[in-house]
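[1] sequence first, then the predicted structure:
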Amino acid sequence: MNLSETEREELMSMQRSRTMAVGQVRRARLILLPDEGDSRAAIMAELRCDSRFITTWQMRFTSERLAGLYGRHPARAPRPDLAGCGNPQSVAPPNSGEAARNLPMRRRGLWHSIVELLVMHEAEYLEHCRRYALERPLRT
């Protein structure tokens, strides 16, 4: 894989980590094993994975190096900053940029509806908390 010394040290550190996510440790190990001379079959047996998993993460590492080893899942949209609470347009849909422009209009509309609902809910919750705090006397 032509690892630099810095990359090798970082991958070894990731592999030894007890606090890092299991998936990241596994991907670090996946990059280190071929560099140590292990065959694809040996890697598949050791990591209990298939060939597609190996190909996917090796290609990502080849193109993006260490940054490519972090997972890319659409887990949760970034929280809008509170200054733009009233404007759902201030939150970009997932995969913003060229890919977002190619989303079907229905999906973009759904995304903005969800954002509007979240913004409205958060604003109402903050108002509820403010009222609750004003009604309760301070304890000393």
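    Thanks, I have the structure now.
[2] quick one: low-confidence residue ranges for the protein.
    1, 71-112, 137-140 (pLDDT under 70).
[3] from residue 50, how far off is residue 14?
    22 Å (C-beta to C-beta, to the nearest Å). Just so you know, the C-beta spots here come from the backbone N, C-alpha and C atoms, and that holds for glycine as well.
[4] show me which helix runs longest in the protein.
    helix 105-135 (DSSP state H).
[5] tally of neighbours for residue 116?
    15 (other C-beta atoms under 10 Å).
[6] between residue 14 and residue 50, tell me which one has more neighbours.
    Shown here are residue 14 and residue 50; by other C-beta under 10 Å, residue 14 has more neighbours (20 against 10).
[7] residues in contact with the more buried one?
    20, 24-25, 28, 69 (C-beta atoms under 8 Å, 6 or more residues apart in numbering).
[8] can you rerun that using 6 Å?
    Counting by C-beta atoms under 6 Å, 6 or more residues apart in numbering, residue 14 touches 20, 28.
[9] how about the helices in this structure?
    Going by DSSP H, the chain shows helices at 5-16, 22-35, 40-47, 51-64, 98-101, 105-135.
[10] any idea which of these is most buried?
    Ranked by mean neighbour count, the helices of the chain are led by helix 22-35 with a mean of 18 (mean count of other C-beta atoms under 10 Å).
[11] give me the helices and strands touching that one, please.
    On a contact count with 3 or more C-beta pairs under 6 Å, 6 or more residues apart in numbering; DSSP states H and E, helix 22-35 meets helix 5-16, helix 51-64.
[12] kind regards, and thank you for your time.
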